[in-house]
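Engineer: Please find the sequence and the predicted model below.
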Amino acid sequence: MQIQFNIYGLSSIAVVSFILLLSFVSNDFLHNVAMALSPTFELQELINENRDWVQTYGNSNAYLKSSYTDILAVNYVSDGQVLNTTIWLYSGFGNYSSTFNSTDNQSPRKLSYGMLIDADANTKTGYNGADYDFYIESMAGKLSGYLYQLSSTGGYMLIGSKTNFTQSHTESSVGPGYVRLNLDLSSINSPSEYNLLFYSAESIGSDEVRQFTNWVTIPPPNLEISTSPSDISIRQGEEQLIPARIKSTSGFSNDVINITLGGISSFNSKIDDYNIRSGFNSSELHVTIQRNQPPLIKIGVPQQTPVGIYTIPLVVTIREPSMATTTKPTFTAPQGGTIDPKFELSKKFPTVGYLTKPVNLTVTVIPPKGIDDQFKDFWGTYGQFIGIFAGAFVGAFARQMFDRAKRKKENE
């Protein structure tokens, strides 16, 4: 199998790639792994909302919590064989040597970037659901990469590593730095479903702080919209308020924080006007987002809009909360073993991220009301009152006629 570790700034020209080749004992096993593919998905982006460091080990965070471990966002994509990940950081590595080769009490500073992998989408296996820990670390100008398998017992086993490669960090003059992690999915048995949590860590001696994203689901979830009524029909010349509910197919959240009209023409680009991108014509339907949570959408149909079925493209962002967990300390990298209980691995930390996806809302435009429809609406509104009034009138008239006939008979 092949595991790659890349780390560089935005303006770097030289790219250092580390490739770890591990041989298998059985050729049949190699063939079986090669035949198995994990899900293929397009480039995804996770915005890290919870950009706070947590003290994972030790008691001091002095000289820690730098912008070099401040995660802004994560991009990830897979062809089913390799998971390609880019962790975007607040700061690049221009002054890395002078800043991070400094020591505190003769202890070297270490930076680590990685991902926890829930390879079977089962929170009861692995350590607090994490079956693997894949990360790179940078210390004293050297880079090393590790892939560990984790156990619910607190044990861990080294699957593969590549250590002590020199990496020159160049100045990132145009934006934040980034770290790339490329994982050969066959090294974790090519799971058909899995979850990922990305993190950065910074440590001096036995003191360590980390920053976590939320867990993300692979295959990436979609968003679903339901409305009341479920079938939306609006007459020409009328408008309607549509209550809606939007949730993730992962089942994690329905906390909608933003809804916009428009579409994404290419990844990481601005949201474009759907008048151009999807054929949706705003002159045919007037759509206004009245409220994000719970969603309320106002749709107006001009008199001249042709009768037919229309698809309104929306871009929705929901908030996805989850819980991060620590595994082995990044300053400990043996071949395997069991974590010292003093490290208190049972700690969990709340995390939050954003999921942005397109959602389509279908509307049927129907003709304006005819005379028959107007009569039905009128009768539906006033028919009962008219019936009661008419019944009372008929009853009173009949009573009057009965009394008149009775008096006439008595007079005779």
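Structural biologist: That came through fine. Residues are numbered from 1 along each chain as shown.

Engineer: Surely residue 369 is in contact with residue 238?
Structural biologist: No: counting by CB atoms under 8 Å, residue 238 is not a contact partner of residue 369; they are 9.1 Å apart. (Glycine included, C-beta is placed from N, CA and C.)

Engineer: Which stretches in the stretch 151-300 of the chain count as helices?
Structural biologist: 274-277 (DSSP state H, counting those that start in this stretch).

Engineer: Can you list the low-confidence ranges for it?
Structural biologist: 164-176, 251-254, 263-280 (pLDDT under 70).

Engineer: Show me where it has its strands.
Structural biologist: Along the stretch 151-300 of the chain, the segments classed as strands by DSSP state E, counting those that start in this stretch run 155-166, 178-184, 194-204, 207-212, 216-218, 223-227, 233-235, 239-248, 255-261, 263-264, 271-272, 286-291, 296-300.

Engineer: Packing partners of the first one?
Structural biologist: Using 3 or more CB pairs under 8 Å, 6 or more residues apart in numbering; DSSP states H and E as the contact criterion, the elements in contact with strand 155-166 are strand 2-8, strand 17-21, strand 142-150, strand 336-338.

Engineer: What residues sit buried inside stretch 45-61?
Structural biologist: Buried residues in stretch 45-61, counted by 16 or more other CB atoms under 10 Å: 45-50, 53-54, 56-58.

Engineer: Surely residue 320 touches residue 357?
Structural biologist: No: using CB under 8 Å, residue 320 is not in contact with residue 357, being 11.1 Å away.

Engineer: ok, these two, which is more surrounded?
Structural biologist: residue 320 (23 against 19; other CB atoms under 10 Å).

Engineer: The more buried one: helix or strand, and which one exactly?
Structural biologist: strand 308-325 (DSSP states H and E).

Engineer: Dump that strand to PDB, restricted to CA.
Structural biologist: Coordinates of the C-alpha atoms in strand 308-325 are reproduced here as PDB (Å, rounded to 0.1, in the frame of the first residue of the first chain):
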ATOM      1  CA  GLY A 308     -46.000  24.400 -15.600                       C
ATOM      2  CA  ILE A 309     -43.600  22.800 -13.200                       C
ATOM      3  CA  TYR A 310     -40.600  24.900 -11.900                       C
ATOM      4  CA  THR A 311     -37.500  23.900 -10.000                       C
ATOM      5  CA  ILE A 312     -36.100  26.600  -7.600                       C
ATOM      6  CA  PRO A 313     -32.400  26.000  -6.800                       C
ATOM      7  CA  LEU A 314     -31.400  26.800  -3.300                       C
ATOM      8  CA  VAL A 315     -28.000  26.700  -1.600                       C
ATOM      9  CA  VAL A 316     -28.400  25.700   2.100                       C
ATOM     10  CA  THR A 317     -25.800  25.800   4.900                       C
ATOM     11  CA  ILE A 318     -26.500  23.800   8.100                       C
ATOM     12  CA  ARG A 319     -24.500  23.500  11.300                       C
ATOM     13  CA  GLU A 320     -23.200  20.000  12.100                       C
ATOM     14  CA  PRO A 321     -22.300  19.500  15.700                       C
ATOM     15  CA  SER A 322     -20.300  16.400  17.000                       C
ATOM     16  CA  MET A 323     -17.900  15.200  19.600                       C
ATOM     17  CA  ALA A 324     -14.100  15.000  19.100                       C
ATOM     18  CA  THR A 325     -12.000  12.600  21.100                       C
END
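
Engineer: So in that sheet, which strands flank that strand, and in what orientation?
Structural biologist: strand 255-261 (antiparallel), strand 348-366 (antiparallel) (DSSP bridges).

Engineer: Helices along the stretch 1-150 of the chain, start to end?
Structural biologist: 27-35, 96-100.

Engineer: any idea of the mean pLDDT in the first one?
Structural biologist: Predicted confidence along helix 27-35 averages 42 (mean pLDDT).

Engineer: Ok, the shortest one next?
Structural biologist: Model confidence over helix 96-100 averages 46 on the pLDDT scale.

Engineer: Could you report the neighbour count for the closest residue to residue 364 other than its chain neighbours?
Structural biologist: Nearest residue to residue 364, sequence neighbours excluded (CB to CB, 6 or more residues apart in numbering): residue 233, at 4.6 Å. Per other CB under 10 Å, the neighbour tally for residue 233 reads 11.

Engineer: what do you get for residue 311?
Structural biologist: Counted with other CB under 10 Å, the neighbours of residue 311 add up to 13.

Engineer: can you pull the pLDDT of the residue lying closest to it once chain neighbours are set aside?
Structural biologist: Distances taken as CB to CB, 6+ apart put residue 360 closest to residue 311, at 5.1 Å, once the chain neighbours are dropped. The per-residue pLDDT reported for residue 360 equals 92.

Engineer: wait, isn't residue 360 in contact with residue 314?
Structural biologist: Yes: counting by CB under 8 Å, residue 360 does reach residue 314; the two are 7.2 Å apart.

Engineer: between these two, which one's more packed in?
Structural biologist: Neighbour count, other CB under 10 Å: between residue 360 and residue 314, residue 314 has more, with 23 against 11.

Engineer: got the contact list for that one?
Structural biologist: 225, 259-261, 358-361 (CB atoms under 8 Å, 6 or more residues apart in numbering).

Engineer: which of these lies closest to residue 115?
Structural biologist: Nearest to residue 115 among these is residue 358, at 26.0 Å by CB to CB.

Engineer: and the two most separated of the buried residues of stretch 45-61?
Structural biologist: Farthest pair in the buried residues of stretch 45-61 (CB to CB) is 45 and 58. Separation: 32.7 Å.

Engineer: hmm, back to that, which one of the helices and strands packed on strand 155-166 has the poorest average confidence?
Structural biologist: strand 17-21 (a mean of 35).
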